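Trainee: Coordinates for the following, if possible.
(2 chains)
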Amino acid sequence: GAVVSQHPSWVICKSGTSVKIECRSLDFQATTMFWYRQFPKQSLMLMATSNEGSKATYEQGVEKDKFLINHASLTLSTLTVTSAHPEDSSFYICSARDSRDRVYSNQPQHFGDGTRLSIL
Amino acid sequence: ILNVEQSPQSLHVQEGDSTNFTCSFPSSNFYALHWYRWETAKSPEALFVMTLNGDEKKKGRISATLNTKEGYSYLYIKGSQPEDSATYLCAFGGGYQKVTFGTGTKLQVIP
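Mentor: Predicted structure coming up:
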């Protein structure tokens, strides 16, 4: 159980293109999802917390207009990298928290497989 | 920014050897410490959630200990097998706290 599907796995596109990444919880509902970014040899860095039906909460230094997050249903959050440039090339991964977990629960997050984004 | 460090960054062990690695984290405002196992091209898989000082958790040949007062957790693998090859991540926080990840320890078990 607790499967998170992230799509696509790989994206290669030209500079200036907008790229949408989907994160779906397949067998549970997720009020809260998280988007992380990882640069080579660095840790997963939280970009934003996505909340179903409300605005995402962005971490300091993350541009809201650059990384658009939409969490329109209890099973889907999307991250759109707008007008992507080579410096946006990175590994992006989402995770989800089961809505049945209490708000202050210490239950682990359930991760997708990640998306490798390369901007030429 | 919280400092969560893992060591070593990588290691190679022979099949059958036992090994261990460390996660260091702030000793104040502790909530929970998570260990994940992350195989290449797959999603991170939760191994343990540890919340109490002195906690010891075990899952097959893998076990973990927790010292919240000094701010470290050890992950042990007994009798390493090639299928144990993965990156092991620790993460500090949870609940109402933001989760901060370490950089991981990449384990390669040589047959």
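Trainee: name the helices or strands packed onto the helix or strand encompassing A:Phe34?
Mentor: Element membership of A:Phe34, judged by DSSP states H and E, is strand A:32-38. When contacts are defined as 3 or more CB pairs under 8 Å, 6 or more residues apart in numbering or on different chains; DSSP states H and E, strand A:32-38 sits against strand A:19-25, strand A:45-51, strand A:67-73, strand A:76-81, strand A:90-97. For glycine as for every other residue, the C-beta is placed from the backbone atoms N, C-alpha and C.
Trainee: and those, which is most packed in?
Mentor: Compared across the helices and strands packed on strand A:32-38, strand A:90-97 shows the largest average neighbour count, a mean of 24 (mean count of other CB atoms under 10 Å in any protein chain shown).
Trainee: Pairing partners for that strand, with directions?
Mentor: Sheet pairing here is set by DSSP bridges, and for strand A:90-97 it gives strand A:32-38 (antiparallel), strand A:110-111 (antiparallel), strand A:115-119 (antiparallel).
Trainee: for B:Val13, what are its contacts?
Mentor: Counting by CB atoms under 8 Å, 6 or more residues apart in numbering or on different chains, B:Val13 makes contact with B:Thr19, B:Ser80, B:Leu107, B:Gln108, B:Val109, B:Ile110.
Trainee: For the buried ones among these, write the corresponding PyMOL selection.
Mentor: This is the PyMOL syntax for the buried subset of the contacts of B:Val13, where burial follows 16 or more other CB atoms under 10 Å in any protein chain shown:
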select buried, chain B and resi 19+80+107+109
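Trainee: Restricted to strands, list the contacts of B:Val13.
Mentor: Among the contacts of B:Val13, the members falling in strands (DSSP state E) are B:Thr19, B:Leu107, B:Gln108, B:Val109, B:Ile110.
Trainee: Backbone dihedrals for the residue lying closest to the third one once chain neighbours are set aside, please?
Mentor: Meaning B:Gln108. Closest residue to B:Gln108 apart from its sequence neighbours, by CB to CB, 6 or more residues apart in numbering or on different chains: B:His12 at 4.6 Å. Backbone torsions for B:His12, taken as degrees, to the nearest 10, come to phi -120, psi 130.
Trainee: which parts of chain A sit against chain B?
Mentor: A:4, A:6, A:34, A:36, A:41-46, A:93, A:103-114 (CB under 8 Å from any CB of the partner chain).
Trainee: For the residue sitting nearest the centre point of chain A, give me its contacts.
Mentor: For chain A, A:Trp35 is the residue whose C-alpha lies nearest the centre (CA atoms, centre = their mean; 3.2 Å). Residues in contact with A:Trp35 (CB under 8 Å, 6+ apart) are A:Cys23, A:Leu46, A:Met47, A:Ala48, A:Ser50, A:Phe67, A:Ile69, A:Ser77, A:Leu79, A:Tyr92, A:Ile93, A:Cys94.
Trainee: Any regions of the chain where pLDDT drops low?
Mentor: As the question left the chain open, I've gone with chain A. Applying pLDDT under 70 to chain A flags the ranges A:102-105.
Trainee: I was after chain B.
Mentor: B:1, B:95-97.
Trainee: What segments of it are strands?
Mentor: B:5-7, B:10-14, B:19-24, B:33-38, B:45-50, B:56-59, B:62-67, B:72-77, B:86-94, B:97-101, B:105-110.
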